[in-house]
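In: Take a look and give me a structure for this.
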Amino acid sequence: MEITVLAASGATGLELTRQALERGHEVVAIARTPEKIALPDSPRLRRIAADVRDPGGIAAALAGRAIVVSGLGIAGPDRPGALTAGARALAAAGPERAVWLGAFGTGPSAPAAGWFTRTVLRMLGDQLGDKVAADAIMLAAGATVFHAGPLSAGELSPTRRTVGLRDAPRGLLPSRVSRATVAAAMLDEAEQPGYAGGIALPLTR
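Out: Model (predicted):
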């Protein structure tokens, strides 16, 4: 199976790329700077340079891609708009399957988050609006949107599972989840969709 990874040089995108290769997939890795995809060369890995803020370039990179998983996020100094731009480009490309990464406590999952989480997320300002708008675009396009809690650099959870939004655990703070666990859940969904058009949560237990 060919899987395209959007934002493949970022922390989550790199994990998506690495695990997809480990699963035996052909991987098209899209990044603004492909040289930063810190993985060994492989005959099953194709690196493509494209920036979501360049409509023509990202449209060309995504054209004809059947299965796309996105590790696109907002880096500290980045101005808002990258997520919305990426979502619009991916929705316009119309892949058969798309799996998008969001954040628990934003948009549709806000009611399930504790008041403290919602308060903290409001501090993101315009970046929060960018996240919510991008999620809405992807949900309308029929993608699966994963809402993960705070991400860590830990190992893949041996007790990981994925649930729908209605089964989201309640609490003051969302549980931390490793990027490896999130990537595994997103790739599971890319291989065998179970939550298309809805919100899914990667959990560690």
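In: Off-centre distance for the helix or strand that residue 200 is a member of?
Out: Element membership for residue 200, per DSSP states H and E: strand 199-203. Relative to its chain's centre, strand 199-203 lies at 11 Å (Cα atoms, centre = their mean, to the nearest Å).
In: In its sheet, which strands sit next to it, and in what direction?
Out: Using DSSP bridges, the strands paired with strand 199-203 are strand 144-148 (parallel), strand 161-164 (antiparallel).
In: export those strands to a markdown table and tack on mean neighbour count, distance to residue 37 and mean pLDDT?
Out: Every C-beta, even on glycine, is put in place using the N, C-alpha and C of the backbone. Shown next, in a markdown table, are the strands paired with strand 199-203 (neighbours: other Cβ atoms under 10 Å; distance: least, Cβ to Cβ, whole Å; pLDDT from 0 to 100):
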| stretch | mean neighbour count | distance to residue 37 | mean pLDDT |
| --- | --- | --- | --- |
| strand 144-148 | 26 | 21 | 96 |
| strand 161-164 | 15 | 26 | 96 |
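In: got the angle between the top helix by length along the chain and strand 144-148?
Out: Longest helix in the chain, counting residues (DSSP state H): helix 126-140. If you take axes from the mean of the first three to the mean of the last three Cα atoms, to 10 degrees, helix 126-140 sits at 140 degrees to strand 144-148.
In: Report all helices and strands that helix 126-140 contacts.
Out: Secondary-structure packing of helix 126-140 (3 or more Cβ pairs under 8 Å, 6 or more residues apart in numbering; DSSP states H and E): helix 82-93, strand 97-103, strand 144-148.
In: Listing request: residues of this structure with sub-threshold pLDDT.
Out: The model of the chain has pLDDT under 70 over residues 75-78, 115-126, 171-174.
In: sorry, back to before: reformat the helices and strands packed on helix 126-140 as a markdown table; add distance to residue 32.
Out: As requested, the helices and strands packed on helix 126-140 are exported to a markdown table (distance: least, Cβ to Cβ, whole Å):
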| stretch | distance to residue 32 |
| --- | --- |
| helix 82-93 | 10 |
| strand 97-103 | 17 |
| strand 144-148 | 22 |
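In: and residue 54, which of the ones you listed is closest to it?
Out: Of all those, helix 82-93 sits nearest to residue 54, with 8.9 Å by Cβ to Cβ.
In: Sounds good, over and out.
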